[in-house]
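Asks: need coordinates for the below:
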Amino acid sequence: MNKLLATLIAGLFATSVYAQTQTQSTASTGTTMTPAASQGVTPAAGTTVVGTQSGMSGAAGTTATGNADADKDIAKADQKEAKEVAKQDEKINKASTQASEKKAKAQHKADKKIADAQQKVAKADPEDQAKASAKAEKKIADAQYDAQKTMIKADEKAQKKIVDANADKAKAQAKATEKRAEAMADAHKDAAK
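Replies: I've put the predicted structure just below:
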């Protein structure tokens, strides 16, 4: 449990550092940060949801180099980046949807157990009421714990997928930026001849 907690804390710290650097670079690149909650993830009590990054780097679409080959390379890099970003956004949405479904299912199951326990208390004979009530309290606590545990696991799984997808998007943006820079350098080199 301690290793899991340490891993989660380290992951959240790394993600927050990454998010801060992305936020600082968004001013120059034009990317936006969208909270994971808007992606359909609703965190369980006591969990933290990491934001998701969306959009392409701001240099996308700048193809006016005057060099046809460079413009073609830049357009190709932009297209590849857009495709990868869309693919990763789809992964994020899928992870968020799966987490929401698992959490809703867990809550429904807990609600059913709670209702059953309360019904048994209501049906109990007056002399057995206290005993039935004590049993119901234990069943309710167990049901709520199981639901919270399932929700936390669903959030954890979704967050891992979201972090991985955001890393892949960042790599795609970095690769596209590199390709654009290479194309611009080639265009400038050709213009200098």
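
Asks: wait, doesn't residue 88 sit right on residue 172?
Replies: Yes - contact status for residue 88 versus residue 172: in contact at 7.5 Å, counting by C-beta atoms under 8 Å. The way it works is simple: take the backbone N, C-alpha and C, and place the C-beta from them, glycine included.

Asks: who has more neighbours, those two?
Replies: More crowded of residue 88 and residue 172, by other C-beta atoms under 10 Å: residue 88, with 24 against 21.

Asks: skipping adjacent residues, who's closest to the more buried one in space?
Replies: Here the nearest residue to residue 88 in space, its sequence neighbours aside, is residue 165; by C-beta to C-beta, 6 or more residues apart in numbering that works out to 4.1 Å.

Asks: wait, that neighbour touches residue 91, no?
Replies: Yes - assessed by C-beta under 8 Å, residue 165 is found in contact with residue 91 at 4.5 Å.

Asks: more neighbours: these two, which one.
Replies: Counted by other C-beta under 10 Å, residue 165 and residue 91 do not tie: residue 165 has more neighbours, with 22 against 17.

Asks: that one: helix or strand, and which one exactly?
Replies: helix 129-192 (DSSP states H and E).

Asks: give the other helices and strands that that helix contacts.
Replies: Judged by 3 or more C-beta pairs under 8 Å, 6 or more residues apart in numbering; DSSP states H and E, the packing partners of helix 129-192 are helix 2-29, strand 52-54, helix 68-123.

Asks: hey, least reliable of the ones you listed by pLDDT?
Replies: Across the helices and strands packed on helix 129-192, strand 52-54 has the smallest mean pLDDT, namely a mean of 46.

Asks: what's the spacing between residue 87 and residue 110?
Replies: Counting by C-beta to C-beta, to the nearest Å, the gap from residue 87 to residue 110 is 35 Å.

Asks: of these two, give the one with the bigger neighbour count.
Replies: The neighbour count for residue 87 versus residue 110, taken as other C-beta under 10 Å, is higher for residue 110 (20 against 14).

Asks: wait, the more buried one sits on residue 149?
Replies: No - here residue 110 does not reach residue 149: they are 10.5 Å apart, not a contact under C-beta under 8 Å.

Asks: correct me if wrong: residue 179 contacts residue 73.
Replies: Yes - Residue 179 lies in contact with residue 73 (C-beta under 8 Å); the separation is 6.3 Å.

Asks: more neighbours: which of the two?
Replies: Just comparing residue 179 and residue 73: by other C-beta under 10 Å the higher neighbour count belongs to residue 73, 20 against 17.

Asks: which residues touch residue 73?
Replies: 179, 180, 182, 183, 186 (C-beta atoms under 8 Å, 6 or more residues apart in numbering).

Asks: between those residues, identify the one with the most neighbours.
Replies: residue 180 (24 neighbours).

Asks: look up how far residue 109 lies from that residue.
Replies: 51 Å.
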